[in-house]
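*Asks:* Below: sequence and its predicted model.
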Amino acid sequence: MYGAGSAVYRITKDGITLLEHHGQFTAVLHSNTEHLPHLSQVFHSLELNAVQLALSRANLLAGWQSEIEIASFNTISRSPYQKDYDAIVDVWIGDRKVRFALEYERILKSFKQYDAYARR
């Protein structure tokens, strides 16, 4: 099982309120949010974090915007991204910085599903 033997932390509404008190907030996840993300999303988040750490350890990571940051941006922006990607990643390729949108899939989707995303 992925993450077995590792600490996993989960934020509560009280934790979000404390972050907001210190000026840290997002437009899509805040202390008045009715339902926090479901526990089933933990493994997806841990695996995305593993990708982020691997890029960082390889000295390739130049920037990382999380899904919550992207969803917040999309909520308030006049020119949002096409969707709430799992991450927007900046990496170093030699001396150039390259940006791409990351969709991390734990479950294989059909060609039709990916084709529908491409048409958006």
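*Replies:* Yes, it's here. Residues are numbered from 1 along each chain as shown.

*Asks:* Pull the distance from stretch 91-110 to the chain's centre.
*Replies:* Per CA atoms, centre = their mean, to the nearest Å, the displacement of stretch 91-110 from the mean C-alpha position of its chain is 12 Å.

*Asks:* What residues sit buried inside stretch 38-56?
*Replies:* Of the residues in stretch 38-56, those with enough neighbours to count as buried (16 or more other CB atoms under 10 Å) are 44, 48, 51, 52, 55. (Glycine included, C-beta is placed from N, CA and C.)

*Asks:* Enumerate every residue touching the last one.
*Replies:* Contact partners of residue 55, counting by CB atoms under 8 Å, 6 or more residues apart in numbering, are 61, 64, 89, 91.

*Asks:* what about the strands in the protein?
*Replies:* When secondary structure is read from DSSP state E, the chain shows strands at 61-66, 87-93, 96-102.

*Asks:* Put together TSV for the ones you listed, with distance to residue 33, mean neighbour count and mean pLDDT on each row.
*Replies:* Formatted as TSV, the entries for these read as follows, by distance: least, CB to CB, whole Å; neighbours: other CB atoms under 10 Å; pLDDT from 0 to 100:
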stretch	distance to residue 33	mean neighbour count	mean pLDDT
strand 61-66	16	16	96
strand 87-93	21	16	97
strand 96-102	24	12	97
